[in-house]
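Undergrad: Next input, structure requested:
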Amino acid sequence: MAKELKFVMLLDCYGDLLTDHQRSIMEMYYCDDLSLAEIGQPMNITRQAVRSIIKRTEDILLNYEEKLGFAERLGRMRECFGRIEAAAEHITDGNIRNTILSETAKGAELL
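TA: Below you'll find the model as predicted:
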């Protein structure tokens, strides 16, 4: 998994456990794809300070995942729903196929 995608997933899972400042910087860096300078300027902090916050917050997110494992389980569940949907496409009974596809879509939305 690409490093950027990994941290986007970790941020999605554990972002509420971060401070507002940490979460904001991580979202600007990983989700909005802003540079260190673009993040630091409006906050009146240096590029180095932004980088330091990002590195510390990455370590925090990795620690949460190591202890809790929610992001890994979420990824496995998404893969499972995908396999169920792919298998359902081969079901000839339209009502059963549509029911399975509908229910897997509802389950995927809950993730």
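Undergrad: Mind giving me the packing neighbours of whichever helix or strand Leu61 is part of?
TA: Assigned by DSSP states H and E, Leu61 belongs to helix 47-68. Applying 3 or more Cβ pairs under 8 Å, 6 or more residues apart in numbering; DSSP states H and E, we find helix 47-68 packed against helix 3-14, helix 20-26, helix 36-43. Just so you know, the C-beta spots here come from the backbone N, C-alpha and C atoms, and that holds for glycine as well.
Undergrad: Dump those helices to a markdown table, plus mean neighbour count.
TA: Shown next, in a markdown table, are the helices and strands packed on helix 47-68 (neighbours: other Cβ atoms under 10 Å):
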| stretch | mean neighbour count |
| --- | --- |
| helix 3-14 | 17 |
| helix 20-26 | 16 |
| helix 36-43 | 15 |
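Undergrad: Pick out the residue nearest the middle of the chain.
TA: By Cα atoms, centre = their mean, the chain has its centre lying nearest to Met9, at 1.8 Å.
Undergrad: Look up how far Glu66 lies from that residue.
TA: 14 Å (Cβ to Cβ, to the nearest Å).
Undergrad: repeat for Leu74
TA: The gap separating Leu74 from Glu66 is 15 Å, by Cβ to Cβ.
Undergrad: Same check on Asp16?
TA: Distance from Asp16 to Glu66, counting by Cβ to Cβ: 18 Å.
Undergrad: One more: Thr99?
TA: Taking Cβ to Cβ as the measure, Thr99 falls 38 Å from Glu66.
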